[in-house]
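1. from the sequence below, what's the structure:
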Amino acid sequence: MLIYFFGKLVPACAVLFIMVFGIRFLGKSEFGRFNLLFNCINIAVTFFIGWIQQSMLRFNAGTEEELLHKRRQFIRYSMVSSVICTVTIFLLTLLYFNEPVVNSLLIGLFVFTLCMFSVHLTFLQSQFQTVKYTVTESLFYLVTILILSGVIFYSFPREMIFFYCAWLIAGICWLIITGFSEYKLIAASLAAKTDAAFFRKTFQFGYLITSWLMISNLFNVVDRFIIRHYFNFEEVGVYSVVYDLIYRVTSFATMPVLLTLHPLIMKLWNENRKKDALGLIRKAVFILFLLLIAELIGYLIFGNWVFETLFHLESKPLLVLMIPLIISSVLWQAALFLHKPLEILFRQRQMIIGITISLLSNIILNFIFVPRFGFQAAAYTTLASTLIYFVFVLAVTGSYKKLEG
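-> All right, here's what the predicted structure looks like:
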């Protein structure tokens with residue numbers, strides 16, 4: 001777990017690098033376009049690839065022969081899904097973001113490499129190859145950072161396509177290395193017939209969790225589309241910097257709690273020690289409450305310096321965004337712990353109902369308040385919608401005796 005945690009340091013630093021130099025190099029408006037498109041890519045990848053990743057983690061075990069058969073099938077599914085995802089993002093980039101055809105093609109190719117790379121990481125995770133997982137992901141992001149540094153140093157045109165090309169080059173490097181090392185496996189996967197029974201089994205298992213993940217991703221980005229609808233990409237860029245910084249810091253800060261308590265919660269529940277498992281969930285929520293206090297104090301002390309020095313943004317107007325987003329980011333992490341009993345008992349439909357209610361409330365509230373009070377209102381609608389999901393999960397999991405049945 002420590003290897004996995006420290007392995008996330010490089011990706012986290014890479015994301016921070018992209019955020020800081022993205023808004024400084026590209027400017028608020030172009031960074032807004034870049035960020036909105038990147039969130040769309042994440043949603044598409046989750047939708048088309050997520051069910052494969054969930055199924056790999058669940059079913060990628062057995063004898064050596066069975067494992068080889070399953071991996072060939074997963075590679076086939078991944079290639080087909082990646083192509084569909086690529087075409088989807090190509091059309092979105094071309095028609096909504098009005099990028100030239102060549103740029104849209106390059107971004108589409110990046111999406112293909114991202115899909116295949118994500119599935120490969122999931123395979124390593126399913127086989128508990130922690131060191132290889134960490135090295136592979138870290139090298140991918142290090143190559144991306146090195147190329148982006150060159151783009152910035154040599155003053156390339158301030159367009160988002162160069163940021164995506166940096167990722168694309170890193171993805172192509174990975175594809176070439178993987179292609180040479182696993183050529184026979186890839187060729188056998190392409191030649192193999194689709195196992196219809198295994199496909200149905202994996203899809204039926206994976207699509208429910210994937211649906212929840214996709215809706216939750218939509219929940220985290222739909223406000224930016226509404227801000228874009230009423231204002232410009234510049235407002236989207238400023239809002240995205242504050243939102244993403246706070247949510248990523250909270251997510252990274254809670255990772256030790258997740259990595260430590262999640263396996264214990266699953267172990268205790270499987271041993272029929274449900275009260276102890278639920279006690280750990282309550283302990284996690286209490287730790288998150290302490291984190292909330294620490295984050296509020298930290299941002300109030302260092303917030304001005306972070307946004308003015310690192311991001312070159314005026315900090316005073318951003319204080320209005322910071323406090324509700326900090327609270328909502330911690331509430332979100334707490335809700336992820338609270339809905340663990342639903343996960344364990346395979347009651348994903350209840351999770352989907354809850355996140356759908358939150359998403360719809362977020363859309364309605366944003367359409368009401370954003371045009372009237374400006375893009376800052378989106379921070380408060382996010383807090384309100386997150387609170388709705390938190391209360392929903394709390395209500396559904398409140399009667400644990402019923403859940404145990």
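2. now do T136 against I177, distance only.
-> 10 Å (C-beta to C-beta, to the nearest Å). Bear in mind the C-beta positions are built from the backbone N, C-alpha and C, glycine included.
3. and these two? Which one has more around it.
-> Set T136 next to I177 and count neighbours by other C-beta atoms under 10 Å: T136 wins out with 18 against 12.
4. buried residues, the lengthiest helix in the chain. List them.
-> Ranked by residue count and defined by DSSP state H, the top helix of the chain is helix 233-270. Neighbour-count burial for helix 233-270, counted by 16 or more other C-beta atoms under 10 Å, picks out 233-247, 249-255, 257-258, 261-262, 265, 268-269.
5. again, but for stretch 177-188
-> T178.
6. which residues are contacting that stretch?
-> For stretch 177-188, the surrounding residues in contact (C-beta atoms under 8 Å, 6 or more residues apart in numbering) are R71, R72, I75, H120.
7. in what helix or strand does the last one lie?
-> This means H120. H120 is part of helix 101-126 when elements are defined by DSSP states H and E.
8. which helices and strands does the helix or strand following that helix pack with?
-> Counting by DSSP H and E, the element after helix 101-126 in chain order, helix or strand, is helix 130-153. With contacts defined as 3 or more C-beta pairs under 8 Å, 6 or more residues apart in numbering; DSSP states H and E, helix 130-153 has these neighbours: helix 2-7, helix 9-26, helix 101-126, helix 161-181.
9. is it correct that N60 is in contact with F128?
-> No - look at N60 against F128 with C-beta atoms under 8 Å: they stay out of range, at 10.6 Å.
10. the more surrounded of those two?
-> Ranked by neighbour count (other C-beta under 10 Å), N60 and F128 place N60 first, with 18 against 9.
11. tell me the pLDDT of the more buried one.
-> If you check N60, the pLDDT there is 72.
12. and the closest residue to L168 other than its chain neighbours, how close does it get to L218?
-> Of all residues not flanking L168 in the chain, F110 sits nearest, at 4.1 Å (C-beta to C-beta, 6 or more residues apart in numbering). F110 sits 21 Å away from L218 when distances are taken as C-beta to C-beta.
13. more neighbours, the two?
-> F110 (24 against 20).
14. just the mean pLDDT for the longest helix of the chain, thanks.
-> 84.
15. what does stretch 200-212 give?
-> Stretch 200-212 comes out at a mean pLDDT of 88.
16. would you mark the buried spots in it?
-> For stretch 200-212, a neighbour-count test (16+ other C-beta under 10 Å) marks T202, F205, G206, Y207, L208, I209, T210, S211, W212 as buried.
17. returning to what we had before: quick check: the residue nearest to L168 touching A170?
-> No - the criterion here is C-beta under 8 Å, and F110 misses it with A170 at 9.2 Å.
18. state the pair within the contacts of stretch 177-188 that is farthest apart.
-> R72 and H120 (14.0 Å; C-beta to C-beta).
19. in stretch 38-58, what counts as buried?
-> For stretch 38-58, using 16+ other C-beta under 10 Å, the buried residues are 38-56.
20. stretch 123-132 now?
-> Within stretch 123-132, judged by 16+ other C-beta under 10 Å, the buried ones are F123, L124, Q125, S126.
21. now the helix holding H120 against helix 130-153, angle please.
-> 160 degrees (axes from the mean of the first three to the mean of the last three C-alpha atoms, to 10 degrees).
22. so which elements touch helix 101-126?
-> helix 28-59, helix 64-95, helix 130-153, helix 161-181.
23. in the second one, what's buried?
-> Taking 16+ other C-beta under 10 Å as the neighbour-count basis, helix 64-95 is seen to contain the buried residues 70-79, 81-82, 85-86, 88-90, 92-94.
24. so what's T136 up against?
-> Taking C-beta under 8 Å, 6+ apart as the test, what T136 contacts is H120, L121, L124, W174.
25. hmm, the last one is touching F117, no?
-> Yes - when contacts are counted by C-beta under 8 Å, W174 is listed as touching F117 (5.8 Å).
26. ok, F390 touching S329?
-> No - contact criterion C-beta under 8 Å: F390 and S329 do not qualify, at 11.9 Å.
27. neighbour count for the two, which is higher?
-> Neighbours per residue (other C-beta under 10 Å) separate F390 from S329, with S329 holding more: 27 against 21.
28. which non-adjacent residue is nearest the more buried one?
-> Excluding the flanking residues, the one nearest S329 by C-beta to C-beta, 6+ apart is T250, at 4.0 Å.
29. residues touching N304, list them.
-> S315.
30. then Q73?
-> Contacts of Q73 by C-beta under 8 Å, 6+ apart are S189, A192, T194, D195, F198, F199, T202.
31. kindly report the same for I161.
-> I161 sits in contact with E99, N103, L106, I107, where contact means C-beta under 8 Å, 6+ apart.
32. now F48
-> By C-beta under 8 Å, 6+ apart, F48 lies in contact with S81, S82, I84, C85, T88, C115.
33. try F219
-> Contacts of F219 (C-beta under 8 Å, 6+ apart): I355, S358, L359, N362, S385.
34. at 6 Å instead, please
-> F219 makes contacts with S358, L359, as judged by C-beta atoms under 6 Å, 6 or more residues apart in numbering.
35. so what does it have for phi and psi?
-> Here is the backbone geometry of F219 (degrees, to the nearest 10): phi -60, psi -40.
36. who wins on neighbours among the contacts of Q73?
-> Of the contacts of Q73, with other C-beta under 10 Å as the count, T202 tops at 23 neighbours.
37. for that one, which non-adjacent residue is closest in space?
-> S55 (3.7 Å).
38. residue contacts, the one you found?
-> T202, F205, G206 are the contacts of S55 under C-beta under 6 Å, 6+ apart.
39. mind listing what the second one touches?
-> With contact taken as C-beta under 6 Å, 6+ apart, F205 is in contact with S55, R58.
40. please consider this matter closed, and thank you.
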